[in-house]
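>>> No sequence on hand, only this structure:
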């Protein structure tokens, strides 16, 4: 019987990259069809296919790693590089929206009244809910670090508690932000102020939801004994992503909520 | 109105270089002088003084600004929807 003579993981053929690509096509074309012809069928199919792809792809990774042992140290190293590169690409994604915000706010045009915030825009008080949101995310950064140390020290119960607390804080942030969106005295249609505010904070909120979901999956895995004190990269990746989300919020808070008010 | 201001307005040929706006894009120069003219009028009339010095800003923005912008802003001021602070 032939065995691999290296420590790397040659992944078995999988249909999920194809289904993912098809989902991407359905989502993009579906959105265009929705906008022009009012039909939701393509975009819905794309969404379903995307969710199925993600679920099955990542389930397969857990099978290959936790259950079959394919994630040796060099494989894990590659995954670390991958996650770091992905987060870096997300940093650049947000950089673009910060660029847009500063472009418009540093040299406000006559149409806005030559001032920032523009004439007629009632901004949110940075020392009310936005400050609470900042505290919530910073606290969640502490709890996720507590969870990491608990995992490394083999403290199962504490790991579950701190991870749960982190997720609850994430939900609390999302809830507070949703309330803010509902109550805000301005909308996305209110000039460049509305556009920059809601696109930047909106994408951030989406990333909070993604991060919370990632942490929730880690919680389920922790409960099911997937993580060891020495090997728990899935959790580390989630924690890195969560810290990234927190840092983006800090920049948003200082730039848009505080300086921009 | 002081002698120097009166002389400057009398000898006006075109808008002079304004170091506050050194770059090619002079939009802000136009807008600032438009604002300053209206602010000058408002401030001097409130104190019951002669608004003749304000004519300097009037000359500069008339030189600088596209007529369509001035027309639009004048309409906005009349309608009460001008976004600038006067």
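It's in. As the structure is a prediction and not an experimental result, all values here were calculated from the model.

>>> Can you name the residues that contact residue A:53?
Listed by CB atoms under 8 Å, 6 or more residues apart in numbering or on different chains, the contact set of residue A:53 reads A:16, A:19-20, A:23. In this view, the C-beta of every residue, glycine as well, is placed from N, C-alpha and C.

>>> Go again with 10 Å.
Going by CB atoms under 10 Å, 6 or more residues apart in numbering or on different chains, residue A:53 touches A:15-24.

>>> List, out of the residues you listed, those positioned next to chain B.
Counting by CB under 10 Å from any CB of the partner chain, nothing from the contacts of residue A:53 sits close to chain B.

>>> Give me the buried subset of those residues.
By neighbour count, with 16 or more other CB atoms under 10 Å in any protein chain shown, these hold A:16, A:19-20, A:22-23 as buried.

>>> Not counting its neighbours along the chain, what's nearest the residue positioned nearest the centre of chain A?
For chain A, the residue nearest the mean C-alpha position is residue A:207 (2.7 Å; CA atoms, centre = their mean). Spatial nearest neighbour of residue A:207, excluding adjacent residues (CB to CB, 6 or more residues apart in numbering or on different chains): residue A:245 at 5.1 Å.

>>> Look up how far residue B:47 lies from residue B:41.
Distance, residue B:41 to residue B:47, by CB to CB, to the nearest Å: 11 Å.

>>> Now for these two: what residues contact both?
Contacts common to residue B:41 and residue B:47, judged by CB under 10 Å, 6+ apart, are absent.

>>> Those two: which is more packed in?
A count of neighbours by other CB atoms under 10 Å in any protein chain shown puts residue B:41 above the other of residue B:41 and residue B:47, at 16 against 6.

>>> check contacts around the more buried one.
By CB under 10 Å, 6+ apart, the residues touching residue B:41 are B:51, B:54-55, B:57-58, B:86.

>>> Please apply the same query to residue A:209.
A:170-171, A:173-174, A:245.

>>> Can you tell me the closest non-neighbouring residue to the closest residue to chain B within the stretch 151-261 of chain A?
In the stretch 151-261 of chain A, the residue that lies nearest chain B is residue A:191 (9.8 Å; CB to the nearest CB). Of all residues not flanking residue A:191 in the chain, residue A:118 sits nearest, at 5.8 Å (CB to CB, 6+ apart).

>>> and what of residue A:233?
Distances taken as CB to CB, 6+ apart place residue A:76 nearest to residue A:233, at 5.3 Å, with adjacent residues excluded.

>>> picking that back up, now that the residue of the stretch 151-261 of chain A closest to chain B has come up, it's in contact with residue A:105, right?
No: between residue A:191 and residue A:105 there is no contact under CB atoms under 10 Å: 11.5 Å.

>>> Residues that sit against both of these two, list them.
A:112, A:117-118.

>>> where does residue A:124 fall, phi/psi-wise?
When read as degrees, to the nearest 10, the backbone of residue A:124 gives phi -80, psi 140.
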